[in-house]
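>>> Based on what follows, work out the 3D shape:
(one chain, ligands or ions: 1)
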Amino acid sequence: MATIFSRIVAGEIPCYKVAEDERFFAFLDINPLAKGHTLVIPKQEVDYLFDLSDADLAAMQVFAKHIALAIGKAFPCRKVGQAVLGLEVPHAHIHLVPMQSEKDMLFSNPKLKLTDQEFQAVAAAIRAEL
Ligand code: 5GP
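A predicted model of the protein is given here:
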């Protein structure tokens, strides 16, 4: 059965899309730690990030880099942090989160509740910087 993220890529489940190419897809995390929190995934259905081939992992990181730089421009911060957890959704993904301090990367923090309009605006702001 397809993962929830594959269903997002296929357009079966809606998302706030940031970018895609032939191999990778970026969209907003639905439970963001901060405005701009984005997930980068391979379209290939692989659970564990480190099961990707060296070439695919390297290409995914370069794809994520461009998204991170755009997030940083759209949502000024000290740095955009990157994290890999993957304990909830069995489809490899990189979290990109704008940080003002180390605490902003705590996944136990309460998540933001954004309206549909706010999510749309966040995604549009990042896309405008790509
Ligand atoms: P992890 O697997 O890295 O522990 O967490 C999965 C992340 O995916 C969580 O931050 C969660 O909010 C996000 N997530 C789970 N389901 C969906 C979904 O259907 N849409 C979006 N946009 N994000 C999701």
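>>> Find the residue at the geometric middle of this protein.
Residue closest to the mean C-alpha point of the chain, counted by CA atoms, centre = their mean, is Leu39 at 1.3 Å.
>>> Doesn't that one belong to a strand?
Yes - counting by DSSP: H, G, I helix; E, B strand; the rest coil, Leu39 is found in a strand.
>>> isn't it right next to Ile30, touching?
No - at 9.1 Å, Leu39 does not count as touching Ile30 under the criterion of CB atoms under 8 Å. C-betas here are computed from N, CA, C, even on glycine.
>>> Mind listing what's buried along stretch 110-119?
Leu114, Phe119 (16 or more other CB atoms under 10 Å).
>>> Now do the end-to-end distance for that stretch.
Using CA to CA, to the nearest Å, one end of stretch 110-119 lies 17 Å from the other.
>>> so how far is that stretch from its chain's centroid?
Distance of stretch 110-119 from its chain centroid, counting by CA atoms, centre = their mean, to the nearest Å, is 15 Å.
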